[in-house]
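J.: output the structure for:
(chains A and B)
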Amino acid sequence: TQLLEQSPQFLSIQEGENLTVYCNSSSVFSSLQWYRQEPGEGPVLLVTVVTGGEVKKLKRLTFQFGDARKDSSLHITAAQTGDTGLYLCAARNTGTASKLTFGTGTRLQVTL
Amino acid sequence: NAGVMQNPRHLVRRRGQEARLRCSPMKGHSHVYWYRQLPEEGLKFMVYLQKENIIDESGMPKERFSAEFPKEGPSILRIQQVVRGDSAAYFCASSSGTTTNNYGYTFGSGTRLTVV
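T.: Numbers count the residues shown, from 1 in each chain, chains lettered A, B, ... in the order given. The predicted model follows:
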């Protein structure tokens, strides 16, 4: 089972700033997903990336999958207080009957 | 179109009692996953089930924990003789389990178990 390390572990920024969080592993993934979890709720899927080098945009969020499919990044432009939450990357081993393994998480706080 | 329904949202048990956590997957989803989350930590996989079958229970503690997903009704995660260390948020997720490897999970809102 691959280990997914996320960095930074905690991030506190002011509204309007940009930020990038990272998800790294020594394993190669067939696909990788990003979730956001708000306090008291379950994680919500943001995006799935599949192809090495792939870039996906979701409004102010930009997701990139590394060329070697071992790492990913999430960049937020002009952060808003509504972006506050726990950001989790998740990946699965190859094979269709396999579970998602979640990263260690990045807790983001955006203040006014 | 209800999402993944978990109940109860909060559960308090005394040490030694049993805890039963229920999960009804999204309509059309036949794959259920249970995860545990301790405060300030990520999600730890526990068990993956399909109807009437346990597919992967590699994350389940060997004792006191069991899970089922019967032909009819919700999936149940059962913890017998609870201890304080079992206190955590337990999340259920479901998926359609398509033949591709790219499907995402839909999570419920979780059950927060407190053992006193």
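J.: quick check: closest non-adjacent residue to the closest residue to chain B within chain A.
T.: The minimum distance from chain A to chain B, using CB to the nearest CB, falls at A:Gly42 (3.1 Å). Placement of C-beta: from N, CA and C, glycine included. Residue nearest to A:Gly42 in three dimensions, not counting chain neighbours: B:Phe107, with 3.1 Å by CB to CB, 6 or more residues apart in numbering or on different chains.
J.: hang on, that neighbour packs against A:Gln33?
T.: No. Between B:Phe107 and A:Gln33 there is no contact under CB atoms under 8 Å: 11.9 Å.
J.: compare the two and say which is more crowded by neighbours.
T.: Neighbours per residue (other CB atoms under 10 Å in any protein chain shown) separate B:Phe107 from A:Gln33, with A:Gln33 holding more: 26 against 23.
J.: if we can go back for a sec, if the residue nearest to A:Gly42 is in a bridge, with which residues?
T.: Taking DSSP bridges, one obtains B:Ala93 as the residues bridged to B:Phe107.
J.: how close does it sit to A:Leu58?
T.: Distance check for B:Phe107 against A:Leu58: by CB to CB, to the nearest Å, it reads 18 Å.
J.: quick one: contacts for A:Thr62?
T.: By CB atoms under 8 Å, 6 or more residues apart in numbering or on different chains, the contact list for A:Thr62 reads A:Val55, A:Lys56, A:Leu74, A:His75, A:Ile76, A:Thr77.
J.: closest one of the residues you listed to A:Leu19?
T.: Closest approach between the contacts of A:Thr62 and A:Leu19, by CB to CB: A:Ile76, at 5.3 Å.
J.: the closest one touches A:Thr84, doesn't it?
T.: No. The criterion here is CB under 8 Å, and A:Ile76 misses it with A:Thr84 at 10.9 Å.
J.: what do these two both touch?
T.: With CB under 8 Å, 6+ apart, A:Ile76 and A:Thr84 have common neighbours A:Leu108.
J.: more neighbours, the two?
T.: Neighbour comparison, A:Ile76 and A:Thr84: the larger count goes to A:Ile76, with 21 against 17 (by other CB under 10 Å).
J.: returning to what we had before: of the contacts of A:Thr62, buried ones?
T.: For the contacts of A:Thr62, a neighbour count by 16 or more other CB atoms under 10 Å in any protein chain shown gives the buried set as A:Leu74, A:His75, A:Ile76.
J.: if we can go back for a sec, which member of the contacts of A:Thr62 is positioned nearest A:Ala68?
T.: A:Val55 (15.1 Å).
J.: could you give me the buried positions within stretch B:17-28?
T.: Counting neighbours by 16+ other CB under 10 Å, stretch B:17-28 gives B:Ala19, B:Leu21, B:Arg22, B:Cys23, B:Ser24, B:Pro25, B:Met26 as buried.
J.: stretch B:41-49 now?
T.: Per 16+ other CB under 10 Å, stretch B:41-49 contains these buried residues: B:Gly42, B:Leu43, B:Phe45, B:Met46, B:Val47, B:Tyr48, B:Leu49.
J.: what parts of chain A come near chain B?
T.: Contact residues, chain A versus chain B (CB under 8 Å from any CB of the partner chain): A:30-31, A:33, A:40-45, A:48, A:50, A:88, A:92, A:94-105, A:107.
J.: which residues touch the most centrally placed residue in chain B?
T.: Centroid check for chain B by CA atoms, centre = their mean gives B:Trp34 as the closest residue, at 3.3 Å. Residues counted as contacts of B:Trp34 (CB under 8 Å, 6+ apart) are B:Cys23, B:Met46, B:Val47, B:Leu49, B:Ala67, B:Ser75, B:Leu77, B:Tyr90, B:Phe91, B:Cys92, B:Ala93.
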